[in-house]
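Engineer: Quick one, what's the 3D model for this:
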Amino acid sequence: MRTMVDTSRPVSAPRRPAWKRRLAMAVAAAAALSAAFALYAEPGFVVMMADQVWSCF
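Structural biologist: Residues are numbered from 1 along each chain as shown. The predicted model follows:
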């Protein structure tokens, strides 16, 4: 007797537990926010960015 293999759904890699994904996303968001805060804490950087944006117009 022949059996047919279900090929309608692709085989995917096993997913990580939800808490690990949330933790990874929270760490990535915290790192991005920390980097943005560190850059904006320097007034020279903010002035340089404003000048570059203003020069586009």
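
Engineer: What separation do you get for residue 32 and residue 25?
Structural biologist: Distance from residue 32 to residue 25, counting by CB to CB, to the nearest Å: 11 Å. In this view, the C-beta of every residue, glycine as well, is placed from N, C-alpha and C.

Engineer: I meant residue 46, not that one.
Structural biologist: 28 Å.

Engineer: Then residue 43?
Structural biologist: 31 Å.

Engineer: And residue 50, by the same measure?
Structural biologist: Per CB to CB, residue 50 is found 31 Å from residue 25.

Engineer: Could you do residue 48 as well?
Structural biologist: For residue 48 relative to residue 25 (CB to CB), the value is 31 Å.

Engineer: what do you get for residue 37?
Structural biologist: Taking CB to CB as the measure, residue 37 falls 18 Å from residue 25.

Engineer: Helix or strand next in line after whichever strand or helix holds residue 24, which one?
Structural biologist: Using DSSP states H and E, residue 24 falls within helix 18-40. Past helix 18-40, further along toward the C-terminus, the next helix or strand under DSSP H and E is helix 43-55.

Engineer: Give me the contacts around that next one.
Structural biologist: Identification of contacts with helix 43-55 by CB atoms under 8 Å, 6 or more residues apart in numbering yields 39, 40.

Engineer: go with 10 Å
Structural biologist: The contact list for helix 43-55 (CB atoms under 10 Å, 6 or more residues apart in numbering) reads 38, 39, 40, 42.

Engineer: just these now: which is nearest residue 19?
Structural biologist: Using CB to CB, residue 38 comes nearest to residue 19 of these, at 28.2 Å.

Engineer: which stretches of the protein have low pLDDT?
Structural biologist: Applying pLDDT under 70 to the chain flags residues 1-14, 16.

Engineer: again, only this time at 90
Structural biologist: Along the chain, the parts satisfying pLDDT under 90 run over 1-19, 36, 39-43, 45-46, 49, 56-57.

Engineer: where's the most centrally placed residue in it relative to residue 36, distance?
Structural biologist: Closest to where the C-alpha atoms of the chain average out (CA atoms, centre = their mean) is residue 28, at 6.4 Å. As for residue 28, its distance to residue 36 is 13 Å (criterion: CB to CB).
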